[in-house]
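**Q** Sequence first, then the predicted structure, then my questions.
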Amino acid sequence: MNLKLFFSLVGGSMLLALYAHYFSGNEMLQFATSSLAIIFLAAWLGKSTESVAHYAGDRIGGFLNATFGNAAELIIAFFLVKEGLFDMVKASITGAIIGNMLLVLGLSTLLGGLKYKEQTFNGRLASHNASLMTLAIVALFIPAVFMFDLPMIKVEIISIVIASLLIIAYILWLIFSMITHSDFLSDIEPQESDAVWSKGVSLLMLAVSTFFVAVVSEWLVEGVQHVSKSLGWSELFVGAFVIAIIGNAAEHSAALLLALKGRIGAAVEIAIGSSLQIALFVAPTLVIISLLLGNPMDIVFTTFELAAIGVATFITISITRDGATNWFEGVLLLTVYIILGTVFFFA
Amino acid sequence: MNLKLFFSLVGGSMLLALYAHYFSGNEMLQFATSSLAIIFLAAWLGKSTESVAHYAGDRIGGFLNATFGNAAELIIAFFLVKEGLFDMVKASITGAIIGNMLLVLGLSTLLGGLKYKEQTFNGRLASHNASLMTLAIVALFIPAVFMFDLPMIKVEIISIVIASLLIIAYILWLIFSMITHSDFLSDIEPQESDAVWSKGVSLLMLAVSTFFVAVVSEWLVEGVQHVSKSLGWSELFVGAFVIAIIGNAAEHSAALLLALKGRIGAAVEIAIGSSLQIALFVAPTLVIISLLLGNPMDIVFTTFELAAIGVATFITISITRDGATNWFEGVLLLTVYIILGTVFFFA
Amino acid sequence: MNLKLFFSLVGGSMLLALYAHYFSGNEMLQFATSSLAIIFLAAWLGKSTESVAHYAGDRIGGFLNATFGNAAELIIAFFLVKEGLFDMVKASITGAIIGNMLLVLGLSTLLGGLKYKEQTFNGRLASHNASLMTLAIVALFIPAVFMFDLPMIKVEIISIVIASLLIIAYILWLIFSMITHSDFLSDIEPQESDAVWSKGVSLLMLAVSTFFVAVVSEWLVEGVQHVSKSLGWSELFVGAFVIAIIGNAAEHSAALLLALKGRIGAAVEIAIGSSLQIALFVAPTLVIISLLLGNPMDIVFTTFELAAIGVATFITISITRDGATNWFEGVLLLTVYIILGTVFFFA
């Protein structure tokens, strides 16, 4: 996309959000405009990260892309944690995971599959992703089973231990996939890091876009509770479907474009890589952050959330295992997403 | 089999059932004779469907076979729904799914495996079946988790939404496997549709056999409750093991014969295809029918039933994934079937 | 290892245990010394079994290795059953299964993977192991779901039926893997059976080592309850982590040495084969033994134990499915082991 047009959209959406926030007094409008602004700001943040990553060289750049790839979600979740909205944090983590696996991957597979009869990708990557997703499921599932009626202090200790182990496992995964076994997983770098700007400007852009994402995220979080109440939607549904879709919009469009260009492997990597990053890095980081903020959040998800993450993982593993996709597999993923959306809406 | 002998068996079993129903007054005899009659009538209905399918051409014929393949089960279940015996409907759906996966596939694999050291089949088909079975599990599992203490009206709405989505997914699967990707799944047509009779006679046969299946199914359903009571067997056991085995007898013999001829791929397709059809088409259709009959049945299965379907699916996927079978895999499937039968009997 | 040195260690550790048991009066010391002695005695028992197996010829030798491979665990568990410590029996079964899958296999994969970039093994074996592990899970999972509120007598009947079925399935698996399809599973014999001693001495060694394992196991079991109490550790943790690691020490070292020699297939076979043997042979045998001792133990595991076995199996299947391992897969297995250890410790 033309850079000038892009910045007009970023700037315009931010001005709208600014106006609505300070002058409109209409909470629905505030929420809608800050949501729109976040979508464009997240795209800007993504572009800046890539540009910085380009100058940082292959390895450090890879790490940057992998750790800042979900920066927008992390920042939104940070403000949710700060407000003590732990239920919504967990719902939005759940929503981001199932949204990436079912909606992003489902649409990419369906639309890509309508154009190409079959698209194939690196099966070894699929196999590793399956094992990592299994670890993520296990790590989120165990606390819910075991902490059922433990005292609060033990729940907190276990949460911190598990969070730390997941972060370590994630760092080791980065070392594995980018250093020791980078040749095994040739699809893992979905896109070249583009140098949109010069080195200095890129760093500035990263700083500025992160700042603006943070500002507008705070507005978004302020608005979300009112919206939830006035529409009568549950926190679970708002967190898991509304917030998650807003935070993931950038990945959605990137994965779809790649699938339509026949590069389903890169689309799979974005969708599943992003899910893994949220489960193994964003979620445990939020647990640690909440501890530092003095109001510790545990890592215990509800049965609903675990069931949703579990079924999403289960069907995604089943579909990606063979390293090939077709339109009907997209239908399967989207069917599960709609079923989950329906029950979350009514539950 | 000789057609003359076949119709003697059909006619004889029907006369017996007729006599027992109107003149014997012995409920056990009524149940036994109508069960026997249903087994032969289901075989007749199957033959008629195939013969009509032959004249309808490949595609429409394929659709006919795929949708009428479980017509006997559907008709029996229809009368159970009409009588409001929802628990037995769900038990018989459960029993049909696990009976196909564990008993039919287990016996075929074991007996075929005693004759051939290893039998192989289209692995791509196995992979697609695994994904579809996963959808079926997910679709039956989600309502049970989420609807735990929802008001009745919401349970009904969600049941109808899920039932509709499953029927749509099933229709899209037929389009995928028979139209857009029929070349991928070369084992999917287990048998040529045979032209047993001329076109006109075939249609007549289809109509007459469906009529008789319906009549005797009603007798069967009338008798089943008395039998359940007088033997002291639970509805769960009668529905899941007795009714399901009677309704599936035709598939049982067809799959076994194919396995003994070395065509394990076709046997797998009958067994798993039939399970999928019941989970993705028969079960949701019964939900919609119950709504039209004014006495809506929800789609919420018990923990027992879901556990049984879950473990059956899990081990079947594990065994069929590699596209090869041997006698020991038949032992595994049958062991799980006997374990489930034991606990259903005592539970 | 030098035989002379080996027997010095065996003898020395036994003398220590003997002294502590009869003269020290210090329960912690008694437990520590009998644990140490058991580790060396189990190694001696293993060597004796192999030596007898060598003279018994390939087939009977194979059966011997497969059934006596976990003799030490079986003997320890026998005394736990005799003491009526059913909870600790089940915890130690759980611990042996997850210890083999996660700790033994995890360390072997990690350390082997630091030396070799990728190690491969017979994928067909991995696929069969996955199916058998699935049967094991199913067999342990079903009773827990279905027996929730059944009367005791039914629970006992079902336990005996399931135990018998599992033992039959295990015997059929031995026939399959050693007689009818031994050529398929070429990795299954991890080590040649060594003839350490002459035929007569080997038999004597087997008898003597079994006797000593039994004696010291009884001391160990006497001490374990006191240790559990004085350290404030739960029976669950002691059974699943302390007892299980002691009983498995011989397999640990054997698997590790093989992995470091690049023979990961043999290490996988020891680790997973041992888990299967415990789930399909040791556990049901203990149920039958408890019946013969007149104090029947049921086969119902706790939710915690099943969750632990379930997640261990799930991730192990995921990792071994492709017939190749690398260091990061070892990290994944060990991470899950540490997470489980943490929650078992605090729970």
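**A** Yep, that arrived. Numbers count the residues shown, from 1 in each chain, chains lettered A, B, ... in the order given.
**Q** Every contact and neighbour count from this point should use C-alpha atoms.
**A** Will do.
**Q** which SSE is the residue in the stretch 201-347 of chain A that chain C sits nearest to in?
**A** The shortest separation between the stretch 201-347 of chain A and chain C is 9.8 Å, found at residue A:317 (distances taken as C-alpha to the nearest C-alpha). When elements are assigned from DSSP states H and E, residue A:317 belongs to helix A:303-320.
**Q** could you say what helices and strands that helix packs with?
**A** With contacts defined as 3 or more C-alpha pairs under 8 Å, 6 or more residues apart in numbering or on different chains; DSSP states H and E, helix A:303-320 has these neighbours: helix A:86-98, helix A:123-146, helix A:327-346, helix B:123-146.
**Q** Go again with 10 Å.
**A** helix A:86-98, helix A:105-115, helix A:123-146, helix A:264-277, helix A:327-346, helix B:123-146 (3 or more C-alpha pairs under 10 Å, 6 or more residues apart in numbering or on different chains; DSSP states H and E).
**Q** will you turn those helices into TSV that also has mean neighbour count?
**A** Shown next, in TSV, are these (neighbours: other C-alpha atoms under 10 Å in any protein chain shown):
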stretch	mean neighbour count
helix A:86-98	26
helix A:105-115	25
helix A:123-146	22
helix A:264-277	26
helix A:327-346	22
helix B:123-146	22
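**Q** closest one to residue C:307 among these?
**A** Closest approach to residue C:307 among the helices and strands packed on helix A:303-320 is made by helix A:123-146 (7.5 Å; C-alpha to C-alpha).
**Q** And the next helix or strand past that closest one?
**A** The next secondary structure element downstream of helix A:123-146 (using DSSP H and E) turns out to be helix A:152-175.
**Q** which of the residues in that following helix are buried?
**A** By neighbour count, with 16 or more other C-alpha atoms under 10 Å in any protein chain shown as the criterion, the buried positions of helix A:152-175 are A:155-156, A:158-175.
**Q** need the contact list for the residue in chain A that chain B sits nearest to.
**A** Checking chain A residue by residue against chain B with C-alpha to the nearest C-alpha singles out residue A:318 as nearest, at 5.5 Å. Contacts for residue A:318 were tallied using C-alpha atoms under 10 Å, 6 or more residues apart in numbering or on different chains; they are A:130, A:312, A:329, B:127-135, B:317.
**Q** Same question for residue A:129.
**A** For residue A:129, the set of contacting residues under the criterion of C-alpha under 10 Å, 6+ apart consists of A:123, A:135, A:268-269, A:272-273, A:276, A:317, A:320-321, C:318.
**Q** which parts of the stretch 1-150 of chain A sit against chain B?
**A** Proximity of the stretch 1-150 of chain A to chain B, by C-alpha under 10 Å from any C-alpha of the partner chain, involves residues A:114, A:117-118.
**Q** Out of these, which is nearest to residue C:45?
**A** Residue C:45 lies nearest to residue A:118 out of the residues of the stretch 1-150 of chain A next to chain B, by C-alpha to C-alpha, at 55.9 Å.
**Q** tally of neighbours for that closest one?
**A** Neighbourhood size, residue A:118 [other C-alpha atoms under 10 Å in any protein chain shown]: 16.
**Q** What distance do you get for it to residue A:263?
**A** Distance, residue A:118 to residue A:263, using C-alpha to C-alpha, to the nearest Å: 11 Å.
**Q** list the residues that contact both of the two?
**A** With contacts defined as C-alpha under 10 Å, 6+ apart, the residues shared by residue A:118 and residue A:263 are residue A:112.
**Q** Can you lay out the residues of the stretch 1-150 of chain A next to chain B as CSV showing distance to residue C:254?
**A** Output for those, formatted as CSV (distance: C-alpha to C-alpha, whole Å):
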residue, distance to residue C:254
A:114, 53
A:117, 49
A:118, 46
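**Q** Now do the contacts for the closest residue to residue A:258 other than its chain neighbours.
**A** Setting aside the residues directly before and after it, residue A:258 is nearest to residue A:267 in space (C-alpha to C-alpha, 6 or more residues apart in numbering or on different chains), at 5.8 Å. Residues in contact with residue A:267 (C-alpha under 10 Å, 6+ apart) are A:104-105, A:108-109, A:112, A:121, A:187, A:190-191, A:251-261, A:273.
**Q** repeat for residue A:180
**A** Under the criterion of C-alpha under 10 Å, 6+ apart, the neighbours of residue A:180 are A:173-174, C:114, C:117, C:327-328.
**Q** same question, residue A:72
**A** By C-alpha under 10 Å, 6+ apart, the contact list for residue A:72 reads A:38-39, A:41-43, A:45-46, A:78, A:209-210, A:213-214, A:217, A:246-248, A:250.
**Q** Stretch A:336-346 and chain B, any residue contact?
**A** Yes. Under the criterion of C-alpha under 10 Å from any C-alpha, stretch A:336-346 makes contact with chain B via A:336, A:338-340, A:342-346.
**Q** ok, back up a step: please dump the helices and strands packed on helix A:303-320 into a markdown table; it should also carry mean pLDDT for every row.
**A** A markdown table is the format used below for the helices and strands packed on helix A:303-320 (pLDDT from 0 to 100):
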| stretch | mean pLDDT |
| --- | --- |
| helix A:86-98 | 91 |
| helix A:105-115 | 93 |
| helix A:123-146 | 82 |
| helix A:264-277 | 85 |
| helix A:327-346 | 93 |
| helix B:123-146 | 82 |
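**Q** mind exporting stretch A:27-39 as CSV, just the C-alpha atoms?
**A** Taking C-alpha atoms only, stretch A:27-39 is exported to CSV below (Å, rounded to 0.1, in the frame of the first residue of the first chain):
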residue,chain,number,x,y,z
GLU,A,27,-19.1,5.6,24.8
MET,A,28,-20.1,3.5,21.8
LEU,A,29,-18.4,6.0,19.5
GLN,A,30,-15.3,6.2,21.7
PHE,A,31,-15.0,2.4,21.6
ALA,A,32,-15.6,2.2,17.8
THR,A,33,-13.1,4.9,16.9
SER,A,34,-10.4,3.7,19.2
SER,A,35,-10.9,0.2,17.8
LEU,A,36,-10.4,1.5,14.3
ALA,A,37,-7.4,3.5,15.3
ILE,A,38,-5.8,0.5,17.0
ILE,A,39,-6.2,-1.6,13.8
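**Q** so where's chain A uncertain?
**A** Low-confidence regions of chain A, defined by pLDDT under 70, span residues A:1, A:58-59, A:62, A:66, A:184-194.
**Q** Point me to the residue of it nearest chain C.
**A** Per C-alpha to the nearest C-alpha, residue A:131 is where chain A lies closest to chain C, at 5.5 Å.
**Q** ok, now how distant is that residue from residue C:318?
**A** Spatial separation of residue A:131 from residue C:318 under the definition C-alpha to C-alpha is 6 Å.
**Q** Which neighbours do those two have in common?
**A** Residues touching both residue A:131 and residue C:318 comprise A:317, C:329, with contact defined as C-alpha under 10 Å, 6+ apart.
**Q** and residue A:334, what does it touch?
**A** Under the criterion of C-alpha under 10 Å, 6+ apart, the contact list for residue A:334 reads A:99, A:101-107, A:109-110, A:328, A:340.
**Q** and which of those is nearest residue C:34?
**A** Nearest to residue C:34, judged by C-alpha to C-alpha, of the contacts of residue A:334 is residue A:101 at 51.5 Å.
**Q** tell me the secondary structure for the closest one?
**A** Applying DSSP: H, G, I helix; E, B strand; the rest coil to residue A:101 yields a three-state assignment of helix.
**Q** got the contact list for it?
**A** By C-alpha under 10 Å, 6+ apart, residue A:101 lies in contact with A:95, A:107, A:268, A:270-276, A:309, A:312-313, A:315-317, A:333-334, A:337.
**Q** now do residue A:207
**A** A:45, A:48-49, A:201.
**Q** Over to residue A:35?
**A** Shown here is residue A:35, whose contacts under the criterion C-alpha under 10 Å, 6+ apart are A:13-14, A:17, A:29, A:41, A:216-217, A:219-221, A:223-224, A:242-243, A:245-247.
**Q** now residue A:87
**A** With contact set as C-alpha under 10 Å, 6+ apart, residue A:87 has these partners: A:80-81, A:93, A:235-236, A:239, A:297, A:301-302.
**Q** Filter these down to the ones in helices?
**A** Among the contacts of residue A:87, the members falling in helices are A:80-81, A:93, A:235-236 (criterion: DSSP state H).
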